[in-house]
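# mind looking at a prediction? Sequence and model below.
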Amino acid sequence: MNRVNVASGLACVAFAGWVYWMALSLPTAGALDPLGGAFLPKALAVVLALLGAALAITGLLGIGVPGGQAAAPKPGTPATRREEEDTAEPAPESIRRVLAYAAGLVAYVWLMPVIGFLLSSFVAFTYFITVLGQRHPVKAPLAAAGITAGLYLLFGVLFGVRLPVGTLFQ
């Protein structure tokens, strides 16, 4: 039995129950909104409860999922031998990458009201993909354009969310 997985799974189920209970106070379906404001939180709570239950059950039965354990690996396993060989401090490269991401997020939030959702998202995603290591001059902007277009279609068109146009273009 993996107690950490059982406890983590039960915590997820409890949290999902709380989210579902809180969602009961949200407005239900109306004339303009056929699903209502409570639909998404309830759906996510159900998914979280199912995944939490699955984690708890695998922990109870002692089923090991490679790379999916919440508990630390047992001493002497290949994973711990690799970790013992590594230094305790993160590499300067990873610290720089985290700081670059944080700076990119701050710039993204600051730029969105100025230049709008589409342009700021394209610039930000190109930057994030480049920080991840993609140096090809065409692949990063193409991927960023695809992500931006997908987010626009999902939120702007499908969900009808009013996305920032930007004060620069008004």
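Noted; the coordinates are in hand.
# so what are the domain limits for the protein?
Following automatic domain parsing, one finds the domains of the chain at 3-73, 92-169.
# any idea which of those scores lowest on pLDDT?
Ranked by mean pLDDT, the domains of the chain end with domain 3-73 at the bottom, a mean of 83.
# now do that domain: distance to the chain's middle.
From the chain centre to the centre of domain 3-73 is a distance of 15 Å (CA atoms, centre = their mean, to the nearest Å).
# next one: stretch 94-110
Centre-to-centre, stretch 94-110 and its host chain are 16 Å apart (CA atoms, centre = their mean).
# give me the element the residue positioned nearest the centre of the chain is part of.
Centroid-nearest residue in the chain, with CA atoms, centre = their mean: residue 44, separated by 13.3 Å. Using DSSP states H and E, residue 44 sits in helix 39-61.
# could you list the buried residues of that helix?
Neighbour-count burial for helix 39-61 flags 42, 45, 48-49, 52, 55-56, 58-59 (criterion: 16 or more other CB atoms under 10 Å). From N, CA and C alone the C-beta is placed, and that goes for glycine too.
# keeping just the C-alphas, turn that helix into CSV.
As requested, C-alpha coordinates have been extracted for helix 39-61 and formatted as CSV (Å, rounded to 0.1, in the frame of the first residue of the first chain):
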residue,chain,number,x,y,z
PHE,A,39,-21.5,23.8,-15.2
LEU,A,40,-17.7,24.1,-15.6
PRO,A,41,-16.9,24.0,-11.8
LYS,A,42,-19.2,21.0,-11.4
ALA,A,43,-17.7,19.2,-14.4
LEU,A,44,-14.1,19.8,-13.2
ALA,A,45,-15.0,18.7,-9.6
VAL,A,46,-16.4,15.4,-11.0
VAL,A,47,-13.2,14.8,-13.1
LEU,A,48,-11.0,15.7,-10.1
ALA,A,49,-13.0,13.3,-7.8
LEU,A,50,-12.7,10.5,-10.3
LEU,A,51,-8.9,11.0,-10.7
GLY,A,52,-8.5,11.3,-7.0
ALA,A,53,-10.4,8.1,-6.4
ALA,A,54,-8.3,6.4,-9.0
LEU,A,55,-5.1,7.6,-7.3
ALA,A,56,-6.4,6.4,-3.9
ILE,A,57,-7.4,3.0,-5.3
THR,A,58,-4.0,2.4,-7.0
GLY,A,59,-2.4,3.4,-3.7
LEU,A,60,-4.6,1.0,-1.7
LEU,A,61,-3.9,-1.9,-4.2
